[in-house]
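1. I'd like to go over a predicted model; first the sequence, then the structure.
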Amino acid sequence: MKRYVCLLALLLTAALLAGCGHKAQPNADADSAAQTALPPEGITALVLADDTQVLRFRRDDDGVWFWQDDSTFPLDQTGMPALLEAAAAMTASVPVQAGDELSEYGLDDAKTSLTVTADGETLTFTRGDQAASGDWYLYCTEDGTVRMVSDDTVKVFQLLDGSIYDLALLPTLPAVTMDTLHAVSITGADGVRIDLRVTDGVRKAGSRDVTAETEALMDELSGLAVTACVDYDPAEGAAAICGLDAPAAALTLTYANAVGAEETLTVTVGLPIGDGGRYVALSGDPTIYRMEETSLVQLLTLAETGLK
């Protein structure tokens, strides 16, 4: 008899310990989720926040999203659907059977949140700890529920690791080829100047055929790309600070556009940024951008030494 009493006591102790270590489980009642679920297309405002910054976005009457702090900021619209899907997933998340203390889920002093507005209704979700399953705990301020969402859903908070500039729309440079390129001009800081004319794939500097010597340059020019926005609305003097008033190189391309009309593009290359980039400016655009220095090797070399 004593043996069975001891066994029962052990079982009861194990059950109590399991209960103490028990985290929230999905709630069979999904009514709360249904009541708060907001479709992506109905969302009109989003606010991402942590203890370092706040990013506010709103949709205008034409369906275009903008940064509320400055509506002139060139917000890349292609990034918004993923943000909206994550927001909708949070609103549709099912409450869990939570314990008494928010601290059990890392929600007692959580700083990272997403606020969603749709049809005049606003919901705020604060991110807590990651569960053993890989999902994350959220706290919905409006109804006081603890919820769980997937790891993919909370990746939206990674936007707070960067800045608003990471969401800027970057210009696409023309993909010049030997069929569309008409002329190339390069100037350097010390008075170096190279002028190339391109005819039927042959590149000449004056009467000299420099097709072979400039092959690597052409490969480089075909892949030129802006990789980041540094300052979309630079203050007076910013260009000089970035070395764009006395550039290391200035490149002008004359080319035929998609309809055959001739256009020009000038890329001005300034100082190194310090982590493998260069400040650059594009003709007709006051914004200061970044290009990778590895994509400018031939241009910078020719701007310094000229053609041999």
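-> Cool, the structure landed.
2. Would you check that V210 makes contact with G306?
-> No: counting by C-beta atoms under 8 Å, V210 stays clear of G306, with 11.0 Å between them. The C-beta positions use only the backbone N, C-alpha and C, and glycine is treated the same way.
3. residue boundaries of the helices in the stretch 1-150 of the chain?
-> 2-20, 31-36, 80-91 (DSSP state H, counting those that start in this stretch).
4. Next one, pLDDT for Q68 please.
-> For Q68, the model assigns a pLDDT of 97.
5. which residues sit in contact with it?
-> Residues near Q68 by C-beta atoms under 8 Å, 6 or more residues apart in numbering: R56, F57, R58.
6. Low-confidence regions, the chain specifically.
-> Applying pLDDT under 70 to the chain flags the ranges 1-35, 98-99.
7. per-domain residue ranges of it.
-> 24-167, 181-305 (automatic domain parsing).
8. Tell me how far the last one lies from the chain's centre.
-> Using C-alpha atoms, centre = their mean, to the nearest Å, the mean C-alpha position of domain 181-305 is found 25 Å from that of the whole chain.
9. Isn't D119 up against G42?
-> Yes: using C-beta under 8 Å, D119 is in contact with G42, at 5.9 Å.
10. With neighbour numbers in mind, choose between the two.
-> Each of D119 and G42 has its neighbours counted (other C-beta atoms under 10 Å); G42 has more, 15 against 9.
11. if I look at that one, how far off is D60?
-> Distance of G42 to D60, given as C-beta to C-beta, to the nearest Å: 15 Å.
12. same deal with D135?
-> For D135 relative to D60 (C-beta to C-beta), the value is 34 Å.
13. same question, K204
-> From K204 to D60 the distance is 51 Å (C-beta to C-beta).
14. Show me which of those two is the more surrounded one.
-> Between K204 and D60, K204 has the larger neighbour count (other C-beta under 10 Å), namely 15 against 10.
15. tell me which element that one is part of?
-> Secondary structure from DSSP states H and E places K204 in strand 202-205.
16. buried stuff in that strand?
-> R203, A205 (16 or more other C-beta atoms under 10 Å).
17. Next, count neighbours for I186.
-> I186 has 22 nearby residues by other C-beta under 10 Å.
18. Kindly report the same for D69.
-> 11.
19. okay but it is in contact with R58, surely?
-> No: D69 is beyond contact range of R58, at 10.5 Å (criterion: C-beta under 8 Å).
20. returning to that earlier point: dump the domains of the chain into CSV; add distance to P174 as well.
-> Converted to CSV, those look like this (distance: least, C-beta to C-beta, whole Å):
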stretch, distance to P174
domain 24-167, 19
domain 181-305, 6
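21. Looking at those, which is nearest to L173?
-> Of all the domains of the chain, it is domain 181-305 that lies closest to L173, at 5.1 Å by C-beta to C-beta.
22. can you tell me the distance between the two ends of the closest one?
-> For domain 181-305, the first and last residues are 23 Å from each other (C-alpha to C-alpha, to the nearest Å).
23. Neighbours of L217, how many?
-> Neighbours of L217 (other C-beta under 10 Å): 22.
24. Could you check how far it is from N257?
-> 21 Å.
25. Report the contact partners of the closest residue to T117 other than its chain neighbours.
-> Among residues not flanking T117 along the chain, A45 sits closest, at 3.9 Å (C-beta to C-beta, 6 or more residues apart in numbering). Residues near A45 by C-beta under 8 Å, 6+ apart: R56, F57, R58, R59, T115, V116, T117.
26. A45 bridge partners, please.
-> With DSSP bridges as the criterion, A45 is bridged to R58, T117.
27. re earlier: show me the contact partners of the strand holding K204.
-> Strand 202-205 is contacted from outside by V184, I194, D195, L196, R197, D209, V210, T211, T214, M218, L307, using C-beta under 8 Å, 6+ apart.
28. Quick check: phi and psi on the last one?
-> This means L307. Per-residue torsions, L307: phi -80, psi 130 (degrees, to the nearest 10).
29. Could you give the number of residues near it?
-> L307 has 14 nearby residues by other C-beta under 10 Å.
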